[in-house]
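Undergrad: based on what follows, work out the 3D shape:
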Amino acid sequence: MKVGASVKPICKDCKLIRRNGSLRVICKTNPRHKQRQG
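TA: Next up, the predicted model:
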């Protein structure tokens with residue numbers, strides 16, 4: 001999981017989700033696209 005100041009969807013299957021006050025990107029097809037803001 002990448003952790004950074006700005007999270008952006010990388011591919012068309014990436015989804016932005018707000019969970020417990022933090023912004024996350026989850027991706028079913030390519031789990032390497034997982035990101036978290038913080």
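Undergrad: residue 1 - nearest residue in space that isn't next to it in sequence?
TA: residue 34 (4.6 Å; Cβ to Cβ, 6 or more residues apart in numbering). Any C-beta I mention is one placed from the backbone N, CA and C, and that applies to glycine too.
Undergrad: state the number of residues packed around that neighbour.
TA: Per other Cβ atoms under 10 Å, the neighbour tally for residue 34 reads 16.
Undergrad: ok, it touching residue 2?
TA: Yes - counting by Cβ atoms under 8 Å, residue 34 touches residue 2, with 7.1 Å between them.
Undergrad: check which helix or strand covers the spatially most central residue of the chain.
TA: Compute the mean C-alpha point of the chain, and by Cα atoms, centre = their mean the closest residue is residue 25, 1.6 Å away. Applying DSSP states H and E as the criterion places residue 25 in strand 22-27.
Undergrad: run through the neighbouring helices and strands of that strand.
TA: Where contact means 3 or more Cβ pairs under 8 Å, 6 or more residues apart in numbering; DSSP states H and E, strand 22-27 is packed against strand 14-19, strand 35-37.
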